[in-house]
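> Let me see the structure of the following:
(chains A and B)
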2 protein chains.
Amino acid sequence: MNETYWLWYPGDFELYHAMKQNFSRVERGCQWPAFWKSAPFRNRVAFRRSYSLAQETAFTVHGVTGARGYVQVNDEKHPLGALITCPAGETRISVHIACIGCVPAIYVEGELICSDEGWLADDFDGDPLPAAHNRYFTDPARDPSDWAYSEKRYEPVSVENVNGGTLFTFETELTAALELTWQGEPPLVYLGESRAEALDTQNCYYHCRPDPETGRCPRQALRYAYVPGLAPEDCSAAAVHQYIDIPVKAGFRSDDGELNRIFEVAAHTFMLCSGAFFLDGVKRDKWIWGGDAYQSMLVNRYLTADREIEKRTLLALRGAEPTTTHVNTILDYSLLWILSVEVYFDSYGDRGFVDFLWPKMESLMALILSQREEHGFIVGRKRDWVFIDWADFDRDGPLCAEQMLLAEAYRAMARLAPAGQGELYEREREALLQQIEDHYWDAEKAAYIDSFSSGKRHVTRHANIFAILFDIADGERKKLLAQSVLFNDAIPAITTPYFRFFELEALCRLGYLDEVLREIKAYWGGMLKLGAVTFWEEFDPAKPLGQQYEMYGDPFGKSLCHAWAASPIYLLARYFVGLQGTEPGGTRYELRPQTGAFHSLHCSFPMGEKQLQIDWEQGQLRVLEK
Amino acid sequence: MNETYWLWYPGDFELYHAMKQNFSRVERGCQWPAFWKSAPFRNRVAFRRSYSLAQETAFTVHGVTGARGYVQVNDEKHPLGALITCPAGETRISVHIACIGCVPAIYVEGELICSDEGWLADDFDGDPLPAAHNRYFTDPARDPSDWAYSEKRYEPVSVENVNGGTLFTFETELTAALELTWQGEPPLVYLGESRAEALDTQNCYYHCRPDPETGRCPRQALRYAYVPGLAPEDCSAAAVHQYIDIPVKAGFRSDDGELNRIFEVAAHTFMLCSGAFFLDGVKRDKWIWGGDAYQSMLVNRYLTADREIEKRTLLALRGAEPTTTHVNTILDYSLLWILSVEVYFDSYGDRGFVDFLWPKMESLMALILSQREEHGFIVGRKRDWVFIDWADFDRDGPLCAEQMLLAEAYRAMARLAPAGQGELYEREREALLQQIEDHYWDAEKAAYIDSFSSGKRHVTRHANIFAILFDIADGERKKLLAQSVLFNDAIPAITTPYFRFFELEALCRLGYLDEVLREIKAYWGGMLKLGAVTFWEEFDPAKPLGQQYEMYGDPFGKSLCHAWAASPIYLLARYFVGLQGTEPGGTRYELRPQTGAFHSLHCSFPMGEKQLQIDWEQGQLRVLEK
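Numbering: from 1, shown residues only, chains lettered A, B, ... in the order given. All right, here's what the predicted structure looks like:
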């Protein structure tokens, strides 16, 4: 008997769980589902398979919670859940299944006939496709309507009486179900990422009451739990950390203890934000954002090399046809989604999945291209969000940085296209680059300007960073841009860690590694100095701890565990350890450690399917490939 | 306080309940969801409204079962279910709601702020639309996740001991929850449309066990209920008929008692099949079929004139974008759906709903037109079903009857198009009619042939009936077709009541009313003679009762309560009472009673918004319009 899985129509598990995920945010008692068009899963599918049975065999088909359907064996119908006996011979099986509230999924339990590889899924529309499954759903008793989390129990590291209530402190931030023991009515519990948040019962982002049966609160980000009105002798608590098991495959140990700790805390931050999908943060938003996911994929390549979470995230973000809105409503996130597919391809060399995505890539590009104005520049429609970053752009007419992303998306489309279908995108790219040059390049300012139509010639860093990263500027001009923009204090600084990632990478590309290392230690090291156990959505090194929690006008609005803050993993691995795949899937790679930056270095990193152990000690470099 | 409703995004209530309906069939313990692509509803919407409040007021927003969301009042968020107080002044309210398992719907309860007319629904894609509601969902405690049925209790008219079990007989067929009283374990219960079916525990289509708490079986078609192993002294039963209240507005009483009874039984049949949607039958399939619905709409115009069930059915059948498959997978049902919109428009003159449907009409036509071959004829794709009827067509190349439907759909599109958008369809129709004439008209046979490509020149009735109904043949040729096809016994007879409807109407159009009346009395009267209390899916007057139940190779496969068998209502009303709207919505109408056919006639019929009382007695015709 092969490994048996729950099966579903490819992509639909992701669309169903993406909804669950994007609808899961709660803020001060208000459920806050994400504010973009939700993509539906199929509610009626069939699974088909033919067998040539050498002997009689029996099997049972289980449907997911709430499913309705039947099993047809040759010309006979059987109910779900029945033990079905098949005589030897040619046997055609189809399982018909419908489910409104959950992804229609089946589990076929049997000696010879079981839900292993080889089933086709049919949605009564296109050609049947190989049914999909994943490694987490192999137990007939745990169906894909809910994730079956792994659990790890944490006892509090401190229990204090604060103002007559009890404050439980855990060693680090978790996504946990707090398990409380108490007498009487279920008390209100305040869960905080910071001590200050948990104790501020007015402004704490999340509160709840434990379930009277199980004593558990819903799974939620927490490091601190405060129970007002119950003294430590009247209650006790543990945090049951609930997570999806994705093994970390990377380690980084240098002679610089601060850097080591930065890598470690970045990894913990990243893994907390990596579950069913790449999330932005674990307290907030708990949503799947395309820009954040793009950066997470770059990090993940070096941390877990788990391609499954990347596939789930790509599918969740892409949604369903018809394609009438952008990823998270954001035009640039649609373009970054295209680029994310290329990141995936480079990490794993998985041509099959790219081919599966190709029609979805094409229809998304068709929407994007439908928004071009006369020069071939894209502009937002009435309900689109042209984001790029929280920054003071000159938004008159098409925005330059958006066109840079478009040029890069053209390149990625040309590269990933099935044979013979890429030329169109190459030609579009050439034409667009010329238009960018003609309209946005300001020779006098030695910079790309935001807008060609306003006449203001306003320069921000963003388009210029993209020009470096996407090779839109040539080598000479890149050097020029470093001086005229990146190291020019007159150009407003990047304020978000999201775009800071792009800027630091641009600096790395231009060889400013010392500057980047200083910045990593100042910014991320600065958070550590304030006691951070996870990295934050944003950090202002100039402010004391007490002023760090506010964001978006909310005293505890800032997420203290945010995926995009894990970028040192990528920067250290790629530019300091100097490890980079040179063929898709890392079948060939390059290793150029910045040995000058470290006295010693002991690292392990995944490279596609391989695992590398890299040791630099006393002028000797050893690489072990597993 | 205005009438307060549950609100949802327009069309989505119908898509959700269409799934529930189409997934509800059960056959001998096997759940049998319909075998076509299911159309999803939106899972995330917002409802918006602005008020200028003259005074402080309070309101509460309820979400449908399983919904997550919040209420935003100006810049403040509130949970669902909370009592929210608003001060006087300008107030912007948005209700954000997400639901995976059910149509996201809200109910706003309050004195000044409530969910009456005037809310907009936003799906984060197109422009917001007026939120939808219906008259059945006005109670905050009964949300639109389930229909709240009206109930009527029927006691059995006979209770018999049959082979040691108990057979309960009810006065007529019902869609009822059987309510059983017994001792011990819940027994198996067999529900039949016929006595023979209920007693045949091997082959009975439906069996179940009552719920141990309520004693109720699921709602199911039944006239007979058999409980094996429990004698009449050990159990008792009632049937709780569960229905959606749609008032019947028609009556027909002539001096011909058989005709009166035919009308009455047809009306009972039709109403049983008319619930959330027009269904084909109540035991089987309980699915929403486009061809059946088209005929139901013609009947319904004269029976209830309830436009709401028609709107629900049109929306349920049409599904959602992208339009990649046909209505019920059937190419001709897509065309009949277009024609159904015209039937609706003629019945109610409701331009607003047609405008709402127009983009859906256009995208369905775009799919249809994408399937044209070089002559402009449509052909089925790999997974399409080109049905027309169960008949022995020459299916080589494009089928003639399908092209006739296309020509008629072009005409309907041209007529229903917004100003200036119809000409395209007119031109297409002209070109198609010429092609039909050139390729399918066989002057020698004086008939349209099925196929022009096979060379067989095979004639069936179907295309020729459509040529008469859709005025594709001119007056002279229609007369010719009556002789060469309709009254030509060498052309195989129509076997289905579905297409018999079209044939009888064609005969009516040509003035063969005596022949039609004879046929109505022979066919429908024939069923009555066998004791029918509802009209059947099919009837062979030559067979005894015991041989009437078999169909599709299943001993009780035939539905004994089938909507398409209600066509005498339409034929009698339109051609014998002679009542027909001449303006959309029946604002003008024509009445030409076939007074020669009756000595007396006392009828009432709806005509759009009006109600007509028509009396013909002793040579005097009186018409009362209410």
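
> What residue spans form the domains of chain A?
Chain A is divided into the following domains under automatic domain parsing: A:6-130, A:150-243, A:251-615.

> so does the second one get close to chain B?
No: remark: domain A:150-243 sits outside contact range of chain B, by C-beta under 8 Å from any C-beta of the partner chain, the gap being at least 12.0 Å. Heads up, the C-betas are built off the backbone N, CA and C, glycines and all.

> Check the last one too.
Yes: Domain A:251-615 comes into contact with chain B (C-beta under 8 Å from any C-beta), by way of A:321-322, A:324-325, A:329, A:383.

> Can you lay out the domains of chain A as a markdown table showing distance to residue B:229?
As requested, the domains of chain A are exported to a markdown table (distance: least, C-beta to C-beta, whole Å):
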| stretch | distance to residue B:229 |
| --- | --- |
| domain A:6-130 | 22 |
| domain A:150-243 | 40 |
| domain A:251-615 | 50 |
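
> Select, out of these, the one closest to residue B:444.
Closest to residue B:444 of the domains of chain A, according to C-beta to C-beta: domain A:6-130, at 42.6 Å.

> Endpoint to endpoint, the closest one covers what distance?
In domain A:6-130, first residue to last residue: 13 Å (C-alpha to C-alpha, to the nearest Å).

> And the residue nearest the centre of chain A, how close does it get to chain B?
With distances taken as C-alpha atoms, centre = their mean, residue A:278 lies nearest the centre of chain A, 2.3 Å away. Distance of residue A:278 to chain B, given as C-beta to the nearest C-beta, to the nearest Å: 20 Å.

> dump the residue contacts of whichever residue of chain A sits closest to chain B.
Closest residue of chain A to chain B, C-beta to the nearest C-beta: residue A:101 (2.9 Å). By C-beta atoms under 8 Å, 6 or more residues apart in numbering or on different chains, the residues touching residue A:101 are A:65-66, A:145, B:66, B:100-102.

> If any of those residues are buried, give me the ChimeraX selection for them.
Under the burial definition 16 or more other C-beta atoms under 10 Å in any protein chain shown, those of the contacts of residue A:101 that qualify are selected in ChimeraX by:
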select /A:145 /B:100,101,102
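
> Let's have the contacts of residue A:101 in JSON lines, adding secondary structure, distance to residue A:583 and pLDDT.
JSON lines is the format used below for the contacts of residue A:101 (DSSP: H, G, I helix; E, B strand; the rest coil; distance: C-beta to C-beta, whole Å; pLDDT from 0 to 100):
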{"residue": "A:65", "secondary structure": "coil", "distance to residue A:583": "44", "pLDDT": "95"}
{"residue": "A:66", "secondary structure": "coil", "distance to residue A:583": "45", "pLDDT": "96"}
{"residue": "A:145", "secondary structure": "coil", "distance to residue A:583": "40", "pLDDT": "97"}
{"residue": "B:66", "secondary structure": "coil", "distance to residue A:583": "48", "pLDDT": "96"}
{"residue": "B:100", "secondary structure": "coil", "distance to residue A:583": "41", "pLDDT": "98"}
{"residue": "B:101", "secondary structure": "coil", "distance to residue A:583": "46", "pLDDT": "97"}
{"residue": "B:102", "secondary structure": "coil", "distance to residue A:583": "49", "pLDDT": "97"}
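
> Looking at the contacts of residue A:101, spot the one nearest residue B:504.
Nearest member of these to residue B:504, counting by C-beta to C-beta, is residue B:102, at 42.1 Å.

> buried set for the top strand by length along chain A?
When chain A is parsed with DSSP state E, its longest strand is strand A:165-181. Using 16+ other C-beta under 10 Å as the test for burial, strand A:165-181 gives A:165-170, A:173-180.

> List the contacts of residue A:45.
Residues near residue A:45 by C-beta under 8 Å, 6+ apart: A:8-9, A:12, A:97, A:104, A:121-124.

> three-state assignment of it?
Using DSSP: H, G, I helix; E, B strand; the rest coil, the three-state assignment for residue A:45 comes out as strand.

> which non-adjacent residue is nearest it?
Once flanking residues are discounted, residue A:45 sits nearest to residue A:9: 4.8 Å by C-beta to C-beta, 6 or more residues apart in numbering or on different chains.

> Count the neighbours of the one you found for me.
24 (other C-beta atoms under 10 Å in any protein chain shown).

> same question, the one 5 residues further on
Close neighbours of residue A:14, defined as other C-beta under 10 Å, add up to 28.

> check contacts around the closest residue in space to it that isn't next to it in sequence.
Nearest residue to residue A:14, sequence neighbours excluded (C-beta to C-beta, 6+ apart): residue A:315, at 3.8 Å. Going by C-beta under 8 Å, 6+ apart, residue A:315 touches A:11, A:14-15, A:18.

> Helices of the stretch 101-250 of chain A, residue ranges please.
For the stretch 101-250 of chain A, helices defined by DSSP state H, counting those that start in this stretch occupy the ranges A:195-199.

> no no, the stretch 351-500 of chain A
Counting by DSSP H, counting those that start in this stretch, the stretch 351-500 of chain A has helices at residues A:351-369, A:400-416, A:423-440, A:461-469, A:475-481, A:497-509.

> Tabulate those (a markdown table), appending distance to residue A:285 and mean neighbour count.
Shown next, in a markdown table, are those (distance: least, C-beta to C-beta, whole Å; neighbours: other C-beta atoms under 10 Å in any protein chain shown):
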| stretch | distance to residue A:285 | mean neighbour count |
| --- | --- | --- |
| helix A:351-369 | 22 | 16 |
| helix A:400-416 | 22 | 24 |
| helix A:423-440 | 32 | 16 |
| helix A:461-469 | 22 | 25 |
| helix A:475-481 | 33 | 15 |
| helix A:497-509 | 13 | 22 |
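
> a markdown table for those helices, including distance to residue B:387?
Formatted as a markdown table, the helices of the stretch 351-500 of chain A follow (distance: least, C-beta to C-beta, whole Å):
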| stretch | distance to residue B:387 |
| --- | --- |
| helix A:351-369 | 29 |
| helix A:400-416 | 41 |
| helix A:423-440 | 40 |
| helix A:461-469 | 55 |
| helix A:475-481 | 65 |
| helix A:497-509 | 55 |
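
> which residues of the stretch 1-150 of chain A score low on pLDDT?
Applying pLDDT under 70 to the stretch 1-150 of chain A picks out residues A:1-2.

> Next: chain A.
For chain A, the stretches with pLDDT under 70 are A:1-2.

> make it 90
A:1-2, A:148, A:495, A:595-597, A:619, A:626 (pLDDT under 90).

> For residue A:279, give me its contacts.
Neighbour list for residue A:279: A:21, A:273, A:285-288, A:292, A:563 [criterion: C-beta under 8 Å, 6+ apart].

> Going through those, which ones are buried?
Among those, the ones that count as buried by 16+ other C-beta under 10 Å are A:21, A:273, A:285-288, A:292, A:563.

> Identify, from those, the entry nearest to residue B:196.
Nearest to residue B:196 among the buried ones among the contacts of residue A:279 is residue A:21, at 53.8 Å by C-beta to C-beta.

> Let me see the contact set for the residue nearest to the centre of chain A.
A:288, A:292-293, A:296-297, A:300, A:309-310, A:313, A:563.

> repeat that for 7 Å
For residue A:278, the contact set (C-beta atoms under 7 Å, 6 or more residues apart in numbering or on different chains) comprises A:288, A:292-293, A:296, A:309, A:313, A:563.

> give me phi/psi at it?
The phi/psi pair for residue A:278 (degrees, to the nearest 10) reads phi -70, psi 120.

> How about residue A:320?
phi -140, psi 160.

> That one: what's its closest spatial neighbour, skipping adjacent residues?
residue A:39 (4.1 Å).

> That neighbour reaches residue A:16, doesn't it?
No: using C-beta atoms under 7 Å, residue A:39 is not in contact with residue A:16, being 9.8 Å away.

> so residue A:261 makes contact with residue A:528?
Yes: using C-beta under 7 Å, residue A:261 is in contact with residue A:528, at 5.9 Å.

> Show the contacting residues for residue A:27.
Per C-beta under 7 Å, 6+ apart, neighbours of residue A:27: residue A:205.

> and with 10 Å instead?
A:205-206, A:283-285, A:554, A:557, B:70, B:77, B:79 (C-beta atoms under 10 Å, 6 or more residues apart in numbering or on different chains).
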